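Asker: This is a predicted model, with the sequence first.
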Amino acid sequence: MQSLIGSVNFACKVVSPGRTFCRRLINSTIGLSKPFHHIRISSELKADLRMWLLWVSNADIQHFTDSSAKFGNGFWVVFNGAWAFGVWPKFWFEKGFTKDITVLEFFPIVVSVYIWGIRRYHIDQTINQ
């Protein structure tokens, strides 16, 4: 369990919602006095572990993004062979929006959800009605 907790804790550095699951794994070891003692895995803990099996990587879904804060540059996004890009508007530089790389890196993710997620979902729903 300690080895598993170490691996999950490492993954939580990039999968921050996983911290909740990691905490429950850690809580399962409370009260153990020796590292070789056994613990009972509850159904809730099993469900948490199954959740980790659902995570996929960018390579699995072919989703890649990048952003640049340099004037005249912008972002690009690739999803399953399709791609999109854009240049940051001049007023973003004037207002200082481009100083926050977190915003710039998150923006193409939102764009890809709109283009290939939400928008596609609405198109599919319209066609199926």
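Answerer: Everything's here; your move. Numbers count the residues shown, from 1 in each chain.

Asker: Now do the contacts for residue 27.
Answerer: By Cβ atoms under 8 Å, 6 or more residues apart in numbering, the contact set of residue 27 is empty. In short, each C-beta sits where N, CA and C put it, glycine included.

Asker: per-residue pLDDT, it?
Answerer: For residue 27, the pLDDT comes out at 88.

Asker: That one and residue 88, how far apart?
Answerer: Going from residue 27 to residue 88 by Cβ to Cβ, to the nearest Å gives 44 Å.

Asker: before we move on, what about residue 13?
Answerer: To residue 88, residue 13 is 28 Å away according to Cβ to Cβ.

Asker: Surely residue 69 is in a helix?
Answerer: No. Per DSSP: H, G, I helix; E, B strand; the rest coil, residue 69 lies outside any helix segment and is coil.

Asker: pLDDT score assigned to the residue positioned nearest the centre of the chain?
Answerer: Nearest to the geometric centre of the chain sits residue 15, at 5.9 Å (Cα atoms, centre = their mean). On the pLDDT scale, residue 15 is placed at 70.

Asker: and if you look at residue 41?
Answerer: For residue 41, the predicted pLDDT is 87.

Asker: show me what contacts residue 11?
Answerer: Residue 11 neighbours (Cβ under 8 Å, 6+ apart): 18, 52.

Asker: Quick check: end-to-end length of stretch 71-82?
Answerer: Using Cα to Cα, to the nearest Å, the end-to-end distance of stretch 71-82 comes to 25 Å.

Asker: Other residues contacting it?
Answerer: 61-68, 83-88, 93, 98, 104, 107-109, 111-112, 115-116.

Asker: can you pull the buried residues of that stretch?
Answerer: Residues of stretch 71-82 classed as buried: 73-79 (neighbour count, 16 or more other Cβ atoms under 10 Å).

Asker: for those, which one is nearest residue 42?
Answerer: Closest approach to residue 42 among the buried residues of stretch 71-82 (Cβ to Cβ): residue 79, at 37.7 Å.

Asker: Bridged to the closest one, which residues?
Answerer: On the basis of DSSP bridges, residue 79 is bridged to residue 63, residue 82.

Asker: okay, residue 13 and residue 88: which has more neighbours?
Answerer: Set side by side, residue 13 and residue 88 show more neighbours around residue 88, with 20 against 9, by other Cβ atoms under 10 Å.
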